[in-house]
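[1] Provided below for reference: sequence and predicted model.
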Amino acid sequence: MPRFWGHIGDTGGGIVLTDAKIRKATIRDKDYKLADAHGLYVLVRANGSKLWRIKYRFDGKERLLSLGPYPEVSLADARETLADARKKLRAGEDPQRRQPTGLTFETLAREWHALQKPRWADRHAKKVLQSLEHEVFPLIGNMSVDDIDPPTVLDVVRRMEKRGALEGGARVRQRISAIFVYGISSGRAKNDPAAIVSGALAPPKPKGRRPALVDLDEIKELMLAIENSGSYPVTILASRLLALSAARPGMVRGMEWSEDHGDVWTIPAARMKLLKEHKHDSERDFSIPITRQMREVLEAVRPLTGHLKLVFPGQRAFDKPLSDNALGVLYQRLGYKGRHVPHGWRSSFSTIMNERRPRDREVIDLMLAHVRENEVEAAYNRSQHWSRRVSIANEWSTLISKGLPPPQTRTA
């Protein structure tokens, strides 16, 4: 015979809930339940969310009915739903709410993610799915897409904002919206409840720029300190090439000897910050002029790593590049924490060279790979752009190297 459970686990079967009790429920390391009556309870999640559930049996099987988050679904609403569900159960009907499509948000979201995944880099695809699994599915994953309204979406975002994750909350809202747009276009959702929520989000905090030195004398002091640091020789030389090239740290750390073409460093599209669909397009390979000072660095490191695939391998595993934080740790050890980071060389280059050559802003952006993707091919094919890039690169290398000793080959 179908029935509701009188109590759940060790939650204290006869206890009747109140709004005060639910509001004051503390967050614990693990999820736990606050029982009301007849199988109705609040699931208090370790992430801070509070979700209404009804536990019952139908057709000999244990079932679970999800009602939504508290306080969006009030105590009175939950009890009203419970009463309606009990009537259906006594009539021999399964009270599980079924929409015509039977479609939950999580089902739609995973379908959307699978559709988008081939277009994205693997790392980005993983981050998107993790954000949904950690922040969204525990709150609204089991809800029907037709039951999700703007306040429900706003609650998801607000919980992230309270932790200070303002940008993360905004991105999650965008992803929820994209999922609903996909649902609408495929005829399985009626509207996009996340669209209107954008106007209710907390304003993002001003983005802090990565710490970067913009004074030439201070730049040379740092470069000299690195030269005399006694660190792993490959790390010292990688830092010097990073400063001279103004490339992204990941480009330098992953540089291969096969990318060295004399006066040009050609970075394959596969290693560039591009959409996954563009990473096998050789037209999107990125070229960096190799200046005299950069050539000196490469010749200094060649006796150490010229027999390997990577120019700047890690100290423990020669088949893997320097770690993400190798350079950052070195700079911090030298007293530059909060003053300069590896990525800061790009800001140093941009600030100083834009001041010196204000008419070349477009070319400087191109050298930093900031150009929009649909402009890449055209921009790269302009020979005058290349000659100006070579000129700017030579000027920058000379500016920051003047007065410094040439890079040296050291044994580890």
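    That came through fine.
[2] where exactly do the helices run in the stretch 251-400 of the chain?
    292-305, 326-333, 344-356, 361-367, 376-380, 383-401 (DSSP state H, counting those that start in this stretch).
[3] Just the CA trace of the fourth one, in CSV.
    If I follow you right, that is helix 361-367. The C-alpha coordinates for helix 361-367 follow below in CSV (Å, rounded to 0.1, in the frame of the first residue of the first chain):
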residue,chain,number,x,y,z
ARG,A,361,48.6,50.9,-30.3
GLU,A,362,47.0,48.6,-32.8
VAL,A,363,50.3,46.8,-33.6
ILE,A,364,51.2,46.5,-29.9
ASP,A,365,47.8,44.9,-29.3
LEU,A,366,48.5,42.5,-32.2
MET,A,367,51.9,41.7,-30.6
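[4] what about that helix, distance to the chain center?
    Distance, stretch centre to chain centre, for helix 361-367: 26 Å (Cα atoms, centre = their mean, to the nearest Å).
[5] For that helix, buried residues please.
    By neighbour count on 16 or more other Cβ atoms under 10 Å, the buried set for helix 361-367 is Val363, Ile364, Leu366, Met367. In short, each C-beta sits where N, CA and C put it, glycine included.
[6] name the helices or strands packed onto it?
    helix 344-356, helix 383-401 (3 or more Cβ pairs under 8 Å, 6 or more residues apart in numbering; DSSP states H and E).
[7] which of the residues in the first one are buried?
    Within helix 344-356, the residues that count as buried by 16+ other Cβ under 10 Å are Gly344, Trp345, Arg346, Ser347, Ser348, Phe349, Ser350, Ile352, Met353.
[8] Same list as before, the residues you listed that is, but in TSV and with pLDDT and distance to Phe180 included.
    Formatted as TSV, the buried residues of helix 344-356 follow (pLDDT from 0 to 100; distance: Cβ to Cβ, whole Å):
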residue	pLDDT	distance to Phe180
Gly344	94	40
Trp345	95	42
Arg346	92	37
Ser347	92	38
Ser348	94	43
Phe349	95	42
Ser350	92	39
Ile352	94	46
Met353	94	45
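[9] Pro405: which of those is nearest?
    Pro405 has its nearest neighbour among those in Trp345, at 19.2 Å by Cβ to Cβ.
[10] okay, now Pro342: neighbour count?
    Residues lying near Pro342 (other Cβ atoms under 10 Å) number 23.
[11] Surely it and Gln332 touch.
    No. Contact criterion Cβ atoms under 8 Å: Pro342 and Gln332 do not qualify, at 10.7 Å.
[12] tell me which element Ser66 falls in.
    Element membership of Ser66, judged by DSSP states H and E, is strand 61-69.
[13] and if you look at Val128?
    For Val128, the host element (DSSP H and E) is helix 122-131.
[14] after that helix comes which helix or strand?
    Beyond helix 122-131 toward the C-terminal end (DSSP H and E), the next one is helix 137-140.
[15] CA-only coordinates of the helix or strand following that following helix in CSV, if you can.
    Heading C-terminal from helix 137-140, the first helix or strand you meet, by DSSP H and E, is helix 150-162. Taking Å, rounded to 0.1, in the frame of the first residue of the first chain, the C-alpha atoms of helix 150-162 are listed here in CSV:
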residue,chain,number,x,y,z
PRO,A,150,13.5,34.4,-11.8
PRO,A,151,13.6,34.3,-8.0
THR,A,152,14.9,30.7,-8.1
VAL,A,153,17.7,31.7,-10.4
LEU,A,154,18.5,34.8,-8.3
ASP,A,155,18.8,32.6,-5.2
VAL,A,156,21.4,30.5,-6.9
VAL,A,157,23.4,33.6,-7.8
ARG,A,158,22.9,35.3,-4.5
ARG,A,159,24.5,32.4,-2.6
MET,A,160,27.6,32.8,-4.7
GLU,A,161,27.6,36.6,-4.2
LYS,A,162,27.5,36.1,-0.4
